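Trainee: sequence first, then the predicted structure:
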Amino acid sequence: VPGSGTYIRERTTTSDWRKPKVANLNQNDRFLVVAEVTESFYPYIAGQFCGTSVPVLYGPPIPISAPVSGLRKVNPDVGGDPVLDSQASFCVVWEQRNASQADIHSARVFLDGRVMNERWFDTSEHDDVRPRISKSNGKGRFGDLSRTWNIVFERTDTSSLHTTQMSVDNALTPITEAIR
């Protein structure tokens, strides 16, 4: 209940949701909660919209990256968009691991629940893990495609952090080593 310090928990699934992250989309002032979801041995990434006046999840869960046998999709994070634009979206990043390697993946989630443009970063033989994304993609104007989310992740085999940027038109800047 707003202002009372009381929180309402709404159980919308029997799945095990862990490592939640949240971001805001200024268009219609909505939030997206993303998490690592386990229903079987292979975790996947899902999200659900959250209200602003009453902190409850609503609508059906959104499968952002569905479960696939042999792949563990873990460690999600989400960035929002402050621009009042009908094409504004969230950007979700996560670690996708198979038996021998881990890579960073991303997808865009729109207010109508559409998930688009899943892509992966750097398909080299490095283990890329624990991605984090900026909570906002800047303060651009309506129609400005230069708005970008900053993304950082760890490369475990070289003990270094790497960065890249994802623009609202899904362009990815070259990955650079940030800290070793």
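Mentor: Right, received. Where do you want to start? Numbering: from 1, shown residues only.
Trainee: so the residue most central in space within the chain bridges to which residues?
Mentor: With distances taken as CA atoms, centre = their mean, the residue of the chain nearest its centroid is Val92 (1.8 Å). Beta-bridge partners for Val92, by DSSP bridges, are Val78, Ala107.
Trainee: how close does it sit to Ile175?
Mentor: Separation of Val92 from Ile175 (CB to CB, to the nearest Å): 18 Å. (Each C-beta comes from the backbone N, C-alpha and C, glycine too.)
Trainee: again with Met166
Mentor: 11 Å.
Trainee: run a quick neighbour tally on Trp94.
Mentor: The local packing of Trp94 (other CB atoms under 10 Å) involves 28 other residues.
Trainee: who does the helix or strand of the chain with the lowest mean pLDDT pair up with?
Mentor: When each helix and strand of the chain is scored by mean pLDDT, DSSP states H and E, strand 176-179 comes last, with a mean of 72. Using DSSP bridges, the strands paired with strand 176-179 are strand 160-167 (antiparallel).
Trainee: quick one, what contacts the nearest residue to Thr38 once chain neighbours are set aside?
Mentor: Among residues not flanking Thr38 along the chain, Asp16 sits closest, at 4.5 Å (CB to CB, 6 or more residues apart in numbering). Neighbour list for Asp16: Val37, Thr38, Glu39 [criterion: CB atoms under 8 Å, 6 or more residues apart in numbering].
Trainee: do Arg130 as well
Mentor: Per CB under 8 Å, 6+ apart, neighbours of Arg130: Asn75, Glu95, Phe153, Glu154.
Trainee: correct me, but the first one touches Trp94?
Mentor: Yes. With contact defined as CB atoms under 8 Å, Asn75 counts as touching Trp94 (6.0 Å).
Trainee: give me the common contacts of these two.
Mentor: With CB under 8 Å, 6+ apart, Asn75 and Trp94 have common neighbours Glu36, Pro131.
Trainee: what about Gly70, how many residues nearby?
Mentor: Counted with other CB under 10 Å, the neighbours of Gly70 add up to 9.
Trainee: returning to what we had before: could you measure from the residue nearest to Thr38 over to Phe41?
Mentor: Taking CB to CB, one finds Asp16 at 12 Å from Phe41.
Trainee: also Leu57?
Mentor: 25 Å.
Trainee: what about these two, which has more around it?
Mentor: Leu57 (20 against 9).
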